[in-house]
Every structure is written in C-alpha cells, then in structure tokens.
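[1] Predicted coordinates and the sequence they were generated for:
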Amino acid sequence: MIEFTDVVKCYEQGNRALNGVSMRIDDGEFCFLVGPSGSGKSTIIKLITGELKPTSGSVHVNSFFLERIRKREIPMLRRTVGVVFQDFRLIPNMTVYDNVAFAMRVIGARESEIRERVPYVLELVGLENKASRHPGEMSGGEQQRLAIARALVNNPSTIIADEPTGNLDPARSFEIMSLLQEINNLGTTVLVVTHEKNLVELFAKRVIAIDEGYVVSDGREGYYGNEN
Amino acid sequence: MKINNIGYLLKEGVRGIFLHGFMSFAAVCVTVACLIIVGSFSILAYNLDVMVNDLNQTSEILVYIDSDLSDAEARSIGTKINALSNVLQATFISREEALESFVKDHNGDSAFNGVQASDLRHRYEVTLEDNTLMDQTDAQLQQIPGVAKTNAAYELAQGFTTIQQVLHIVSIAMIAVLLVISLLIISNTVKLAMYDRRDEIFIMKMVGATNGFIRLPFIVEGFTLGMIGAVLAFGLEWVAYDALVQKISHVDALKLFTFVPFENLLVPMLIVFGAAGLFVGIVGSWTSIRKFMDV
C-alpha cells in the first residue's frame, strides 16, 4: 500500500516539486501516474523508494513511514518495492540469469533459493530460453522484460515502473504493459509512470495525473481525466 | 551477516577483479608505479645516509699524551678514554709509529731528517659513536689526567652532521610528497574504477542490499588489488636494485660508493610496501565507494 498525505517536497535549491500531494494506492491495484516533464512524478518515485524524504506530510509505503524512516531500514523498504527503469539499468557483463540472480545474492539469499526462483521469474517474463545471453545481445523489449524479472525476483509487494516503455516501439510497449498487467493479476501492486497516452487509454486503469506538484485528477477517466 | 554470505562476499570481491579486468589492471599498474617511485627514492635516501654516516665515522679526535709519562703510563690512559660513553674506539699510536707515519706522509723530505721520536708525543686516535657530541667528548678527554692536548676536527664533523641533517629533512619531505601524490593518483584510479561500477552499486541499493553487503566485496577487491600491486612492486624493486648495484660495482669511477645489499632492507621494505598496498587498497575503495552509496 502506498499512501501520501499532504506531501510537500522542496529541494535545497528552493524549488517546490510537490505542493501537498495526497493519494492512496491499495494493495493489488494497477495505477498509472501521468504528467508532463517536471510535474513531480520522479520526486514521487524517489519518495516511495526512500531516495528522498518529504519536507512535510506523510509517506506510508508497505508498513514503512518514510518521513521518519531510519537509514538502516531503507534496504528493508526497498525489498518490498521492485523498480523498473526506462533505461533498463542492466549489468552488461553479466548474463541474463546472473542479472536476475544478482538482485537475490545482494540481499543474502541462499544459492538453493536462487536456483529455484530465477528460472521461475525468467519463465514468467518469457526469457527462459535466453538465460545464458548477455543484455547486449537482446532487443530493447527483451532487456526491459529482463529488468522486470529482476524487479520481481525478490517477490516485492509493489512494482514501480518508471517510463518502462520510453525506449520501445509501440508493439514492444504493449507487450511490456501486458506483462505488468499479468504481474498485477498475480497480486502485486503496480504503479506505472508514463507519458504514453495511447497505452493509458488502452489499458483503462486508474490514472493519477500530476502537474506542477499538485494532483490534478485521479480516476478511471483516461489520461487527463476530464480531458476526454 | 550470515556465514554463507561471507563466503559469497569474498568470492564476489575476487570475481570483481576479473569481471572488470581493465580497471583492475590499471589500478595495479598505478599502485606498482607509485610504490616503485616512493620505494626507489627511500632506498636512495637510505644509501646516501649510510654513506655519509660512514664518512662521518672517519672524523676523529687526536689525543696527545703528556711527554713526561712513560710508555706504560701512556698506554694505561687508553682504558680511561675507552670508558667515556661516546667513544667508539681509541687506538694507541706510539711516538715511534707517529714518526714513521709522519716521515712517510712527507715522502722522506730531507727537511725532517733531524726529527727524533722523542720530539713527538704518544697519542690516541679516538673515533666517536655520535659526532654531534664531539665538543662535549673533547672536553671530557681534556679532563683526563695525562692528556696534554687534543685536536678535534670540529668543522669536518659538523659539516658531515649538517649534510646528514639536510639529507634527512629533504628525503623525509620528498618521500612524504611522493607518498601523498601516489595516494592521490591511486585513489583517483580506484574512484574511476568505482565510477565504472556506479550502475551496479545503484542496482544493489535499489533492490535493498545493505551498505555492509555492498561495501565488503569492494573492500576485498581493493585489498586484493593493493596486495598484488605491493608484491609486484616489491619484486620489481628488488630485481632492479640488485641489477643496478651489480652494474655500479663494475664501474671504476663509482667504486667509492658502497650500496647496502637489498637483503638488508628486505624486512622494512616488505613491511612498508605491504602496509602501503593494504592502506591504499582498503582506504581507496572505502572512500571512493562512499560517494556512490548515497542513494
């Protein structure tokens, strides 16, 4: 569960990225977060993952209160939130298998668990036959599926996808969004930050629109709510 | 941290060296180059110090014995001279020996034909442990009954002492400067290696790895690279120094210089190189990684 209550975020340089944002995304929901560049979307993601602290207000993510979280609790928070990036952020000199296994190894998982879990997740994203490939040998769509597999492997309750289709063609974008929907069907909360109006319309999910640090619409009415 | 994790972290540290082969190679090369420069200068400074010290040992005080004293009495004064704490050695020279050496020094010049041994005094050539205390020891020698007068080469001893002091200051300053430059170069190389891996560190942070879990493999890697660099530098220094000393010993003009064999420097050099490699590896990776951990 993600809950923002009257969240204000000011950066040191003085600019106000969020101006009293309140929203709640329940467990198991699929939600789009839309808005123009500089509207505050990235700040919301950074607040959810604990990279930033709110200036005022409360951010509640999967039983963690981020306005008063201790530094040593942040890794525990992040184990409950899987993040997918626009530029994939894969490790080029590791194989597909190792890229996914890496995410388990660095939190101290046993090798037996890794051997069991990684093939399962690779199968879920359709990369079971590419385990020994390197990211450089794969298409953009495959690389993003690999990034999703990595985000999923530690079984987080929430997946945040930051512009996951920004570097992909429309067909691959549709595939990725469908994959995220499948993951949501398995019970994981999914929050997708995107610019892609067509996809948002096509998947007809809840849309939170943000502009200049304010939530300007929240509902199932499409990209900009009353715009349609 | 679980025991099975420690095994993984150590393995990961060593694996990182090969996974990022080029950066590891660069870090080792820079460490080797810097340690060799610092090491060579230190050895040079040490050798110069030993040489100046040897030369300084040759400056002595001549102690003339009262001519009224018999041979036996003159010889017995040696015990009193040797009893002084700063005296390294007191060699008795009888008036006959003194004449012999005097005549020899003047190539049998006829002008000295009439000089008799009885015209000269018995004497002691006294070398000191610490020439900086020459004036005090000289005063103590003059107090000994039976000593007529002394002749101390103050200027020479002071000259050597000054040279040695200047040499110490210059070499310590140079080694310190070289060491600081080396540390900066090495730590920048490590930083560059870390920059190459910032994505890896970022991913570790984002999937919830703890700081200790992220840091340890890098520390293991830094330690291993530092030690490899230190061992290589030590080996190269040894081979190069031995070869140089061998070459110099064959050049007549340079025979004046005696070099300390590397075997005598083995333990201190091993300790210094090992400590420098260890420090550079661990501190270098620890401080460089901190910048990328702040996510």
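    That came through, no problem. All values derive from a computational prediction rather than experimental measurement.
[2] for chain A, longest helix please?
    Looking across chain A with DSSP state H, the single longest helix is helix A:170-185.
[3] near chain B at all, whatever helix or strand comes next after that one?
    The helix or strand immediately downstream of helix A:170-185 is strand A:189-194, counting by DSSP states H and E. No - judged by C-beta under 8 Å from any C-beta of the partner chain, strand A:189-194 and chain B are separated, with a smallest distance of 15.0 Å. C-beta: built from backbone N, CA, C; applies to glycine.
[4] Beyond strand A:189-194, next helix or strand please.
    Per DSSP H and E, the first helix or strand lying C-terminal to strand A:189-194 is helix A:197-203.
[5] Only the buried residues of that next one, if you could.
    For helix A:197-203, burial by neighbour count (16 or more other C-beta atoms under 10 Å in any protein chain shown) applies to A:199-200, A:203.
[6] Packing partners of it?
    Contacts defined by 3 or more C-beta pairs under 8 Å, 6 or more residues apart in numbering or on different chains; DSSP states H and E place helix A:197-203 against strand A:30-34, helix A:170-185.
[7] rerun that using 7 Å as the cut-off
    helix A:170-185 (3 or more C-beta pairs under 7 Å, 6 or more residues apart in numbering or on different chains; DSSP states H and E).
[8] tell me the angle of the helix it packs on relative to strand A:30-34?
    Angle, helix A:170-185 to strand A:30-34, by axes from the mean of the first three to the mean of the last three C-alpha atoms, to 10 degrees: 130 degrees.
[9] Now helix A:170-185: buried residues?
    A:172-177, A:179-180, A:183-184.
[10] The spatially most central residue of chain A is in what secondary structure piece?
    For chain A, residue A:160 is the residue whose C-alpha lies nearest the centre (C-alpha atoms, centre = their mean; 1.3 Å). Here residue A:160 is covered by strand A:158-162, with elements defined by DSSP H and E.
[11] And the contacts of that strand?
    With contact meaning C-beta atoms under 7 Å, 6 or more residues apart in numbering or on different chains, strand A:158-162 is reached by A:2, A:45, A:48, A:62, A:80-86, A:151-152, A:180, A:183, A:188-193.
[12] Please repeat the previous calculation with a cut-off of 6 Å.
    Residues outside strand A:158-162 that contact it (C-beta atoms under 6 Å, 6 or more residues apart in numbering or on different chains): A:45, A:81-86, A:151, A:188-193.
[13] Next: stretch B:223-242.
    Outside stretch B:223-242, the residues that reach it (C-beta under 6 Å, 6+ apart) are B:24, B:27-28, B:31-32, B:35-36, B:39, B:262, B:273-274, B:277-278, B:280-282.
[14] can you rerun that using 8 Å?
    B:13-14, B:17, B:24, B:27-28, B:30-32, B:35-36, B:39-40, B:43, B:262, B:269-270, B:273-274, B:276-282, B:284-285 (C-beta atoms under 8 Å, 6 or more residues apart in numbering or on different chains).
[15] now swap in stretch A:95-103 and tell me
    Against stretch A:95-103 from outside (C-beta under 8 Å, 6+ apart): A:90-91, A:94, A:114, A:118, A:121-122, A:127, A:130-135, A:138, A:146, A:149-151, A:153-154, B:203, B:207.
[16] In chain A, what helix or strand scores lowest on average pLDDT?
    In chain A, the helix or strand scored least confidently by mean pLDDT, DSSP states H and E is helix A:197-203, which has a mean of 90.
[17] show me the contacts for residue B:99.
    B:115-117, B:120.
[18] now do residue B:17
    B:24, B:221, B:224-225.
[19] Could you identify the buried members of the contacts of stretch A:95-103?
    Among the contacts of stretch A:95-103, those classed as buried by neighbour count (16+ other C-beta under 10 Å) are A:90-91, A:94, A:114, A:118, A:121-122, A:127, A:130-131, A:134-135, A:138, A:146, A:149-151, A:153-154, B:203, B:207.
[20] So which of those residues are in helices?
    A:114, A:118, A:121-122, A:146, A:149-151, B:203.
[21] Present those as JSON lines; the columns should include pLDDT and distance to residue B:59.
    Below are these laid out as JSON lines (pLDDT from 0 to 100; distance: C-beta to C-beta, whole Å):
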{"residue": "A:114", "pLDDT": "94", "distance to residue B:59": "75"}
{"residue": "A:118", "pLDDT": "96", "distance to residue B:59": "78"}
{"residue": "A:121", "pLDDT": "95", "distance to residue B:59": "82"}
{"residue": "A:122", "pLDDT": "96", "distance to residue B:59": "82"}
{"residue": "A:146", "pLDDT": "96", "distance to residue B:59": "79"}
{"residue": "A:149", "pLDDT": "96", "distance to residue B:59": "81"}
{"residue": "A:150", "pLDDT": "95", "distance to residue B:59": "76"}
{"residue": "A:151", "pLDDT": "95", "distance to residue B:59": "79"}
{"residue": "B:203", "pLDDT": "89", "distance to residue B:59": "69"}
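[22] and of these, the nearest to residue A:56?
    residue A:151 (29.9 Å; C-beta to C-beta).
[23] Quick check, that closest one in contact with residue A:84.
    Yes - using C-beta atoms under 8 Å, residue A:151 is in contact with residue A:84, at 5.0 Å.
[24] Which positions in chain A make contact with chain B?
    So far as C-beta under 8 Å from any C-beta goes, chain A lies against chain B at A:49, A:51, A:72, A:75-79, A:82-83, A:89, A:91, A:93, A:102-103, A:105-108, A:110, A:150, A:154.
[25] Summarise which helices and strands the longest helix of chain A is packed against.
    Against helix A:170-185 (3+ C-beta pairs under 8 Å, 6+ apart) you get strand A:30-34, helix A:140-152, strand A:158-162, strand A:189-194, helix A:197-203.
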